[in-house]
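Engineer: I would like the atomic coordinates for the input below:
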Amino acid sequence: MTVVWMMVGAVTNTSAVFSARVTGGPVRIGVSTSPSFTSPAWSASTTVDSTGVAKVSFTGLSAGTRYWWRVEDNGVVDATYTGQVRTDPVAAGQPASYVLGCIGDAGLTPTVPGVTGAAPQRLSNHPIFDVVRAKALAENWARVCHLGDICYYDLGSGSHGLSATASATQYRTMWDDILAQPLQHGLYRSAGLVYVWDDHDFGPDNSNAASPGAANALAVYRERIPSYPLPGGAGQPVYHSFQIGRVLHIVSDTRSARVPGSTMLGAAQMSWLSTLLSTSTAEALVWLMPTPWLGVSSDTWAGFPTERNSIVSMLTAGGWTDRMVMINADAHTLAIDSGKGGNAGSGGFPVVLCAGLDATPHSYSTQYDSGAWPGREQYATVQVDDTGSDIAITTTVYRRERAISWVTVTTGGTTRIPAGSPCHVLAL
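Structural biologist: Presented below is the predicted three-dimensional model:
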């Protein structure tokens, strides 16, 4: 009886969701406040599905506490893998300071291909995953937010030696292959994961609602990803939200309801979004949007100007634009737009690109008034500092361990970017 892989997500101040695949079953999840895993508390026994996967919601955890966790498979505790997770410091609505990590895009001409899998050349086991893991643990990140293209299998395209069927079995195999990469697996079991797809991990390049495997992608996401509750229900897009302290976080699904030239989010997601933005009592907003908000390509939000304008109207009506930041991936570059340069469609708020981990660098749009840095081994952090009155949100872009640039927004509406050129100089 052994553990194949494990992930953790949907973290709150008192709970988390654990996902694991085992060779037997049933499973229990054990958590301990000791790195040597002494005196663990155990969940109830949970039956696995036909593929050996179980998702376990563990409640009754202490706030602001680091836990080490393991999986028991059919009565046998497998010590091969030990994960970690840190609960939120306070309940939603109370002041809290914390850090998110934001990552995306690994597996397009990777410099470190996968070590195994159906298409190792479309996966990555790059050391950057361990850099991110170590930083997440050292800085007590609240979440690791993956904004898509976690691999480049392009299911449904018939490319890369993979069948064009885009079956549920293929999507399950894709996830098994992702988590068979030791450094990715190490990251996703060591910090609360927030994941949403982009095109290459949802379906083929530029995929949308008509992609051959759309229904299967949606089903397997619900089977395996330890996500927050999904408002759309079974078979619907996987958009959702969560709150840490006084900050709302929105996670958008920009693929599964997309109709080119018509809608990116679909009517249900837009309706949910309108209600959320008009009723939330949060004091600030971090929007996790996998598709670039700025750009010129029809595959970015530039291809959906009417819907983008509708979202800006929602944000403006709710007074969000001067107390928010949006994080994007998909383009394999770091970039920062202050929101104050008058770029078409900007909305007046900062937009940050956080990619890519290990994918062919892109030369990207000049719309980003504070700089763009194409490359690999790249990610971003979002640091929230809440004094109990003002909230400052500082987004910093990194290549490896080196900070390149940053932008800060406060709930008073001040946007700051670093002055002078030294912050834009890299040792490549």
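
Engineer: going by C-alpha atoms from here, please, whenever you check contacts or count neighbours.
Structural biologist: Noted.

Engineer: how about the helices in this structure?
Structural biologist: 128-138, 168-179, 182-188, 199-202, 214-224, 267-279, 305-317 (DSSP state H).

Engineer: of those helices, which is nearest Val112?
Structural biologist: helix 128-138 (9.9 Å; CA to CA).

Engineer: on that earlier part again, just name the most buried of the helices of the chain.
Structural biologist: helix 199-202 (a mean of 27; mean count of other CA atoms under 10 Å).

Engineer: return the distance of that helix from the chain's centre.
Structural biologist: A distance of 14 Å separates the centroid of the chain from that of helix 199-202, by CA atoms, centre = their mean, to the nearest Å.

Engineer: repeat that for stretch 199-212.
Structural biologist: On CA atoms, centre = their mean, the centre of stretch 199-212 falls 18 Å from that of its chain.

Engineer: and it, C-alpha only, in CSV?
Structural biologist: In CSV, the C-alpha atoms belonging to stretch 199-212 read as follows (Å, rounded to 0.1, in the frame of the first residue of the first chain):
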residue,chain,number,x,y,z
ASP,A,199,-5.3,26.6,-23.0
HIS,A,200,-2.5,23.9,-23.1
ASP,A,201,-3.7,22.1,-20.0
PHE,A,202,-7.4,22.4,-20.8
GLY,A,203,-7.2,21.3,-24.4
PRO,A,204,-5.3,22.3,-27.6
ASP,A,205,-3.6,25.6,-28.2
ASN,A,206,-6.1,28.5,-27.9
SER,A,207,-8.7,26.0,-26.6
ASN,A,208,-12.3,27.0,-25.8
ALA,A,209,-15.7,25.6,-24.9
ALA,A,210,-15.7,23.6,-28.2
SER,A,211,-12.5,21.8,-27.4
PRO,A,212,-12.9,18.0,-27.7
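
Engineer: per-residue pLDDT, Pro305?
Structural biologist: On pLDDT, Pro305 comes in at 96.

Engineer: please verify my assumption that it contacts Gly345.
Structural biologist: Yes: between Pro305 and Gly345 there is a contact under CA atoms under 8 Å: 7.5 Å.

Engineer: in JSON lines, list the helices of the chain along with distance to Ala403.
Structural biologist: Output for the helices of the chain, formatted as JSON lines (distance: least, CA to CA, whole Å):
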{"stretch": "helix 128-138", "distance to Ala403": "13"}
{"stretch": "helix 168-179", "distance to Ala403": "28"}
{"stretch": "helix 182-188", "distance to Ala403": "20"}
{"stretch": "helix 199-202", "distance to Ala403": "28"}
{"stretch": "helix 214-224", "distance to Ala403": "33"}
{"stretch": "helix 267-279", "distance to Ala403": "32"}
{"stretch": "helix 305-317", "distance to Ala403": "30"}
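
Engineer: those helices: which one's closest to Lys55?
Structural biologist: The nearest among the helices of the chain, by CA to CA, is helix 214-224 at 7.2 Å.

Engineer: give me the distance between the two termini of stretch 261-273.
Structural biologist: 20 Å (CA to CA, to the nearest Å).

Engineer: any weak-confidence spans in the stretch 101-250 of the chain?
Structural biologist: Along the stretch 101-250 of the chain, no part satisfies pLDDT under 70.

Engineer: show me the contacts for Val90.
Structural biologist: Val90 makes contact with Asn13, Ala63, Gly64, Ala96, Ile244, Gly245, according to CA atoms under 8 Å, 6 or more residues apart in numbering.

Engineer: okay, and the beta partners of the fifth one?
Structural biologist: Residues found in beta-bridge contact with Ile244 (criterion: DSSP bridges) are Val247.

Engineer: what lines up beside the longest strand belonging to the chain in the sheet?
Structural biologist: Ranked by number of residues, the top strand in the chain under DSSP state E is strand 76-86. If you go by DSSP bridges, strand 76-86 pairs up with strand 66-73 (antiparallel).

Engineer: what are the buried residues along stretch 398-418?
Structural biologist: Using 16 or more other CA atoms under 10 Å as the test for burial, stretch 398-418 gives 398-400, 403-411, 415, 417.
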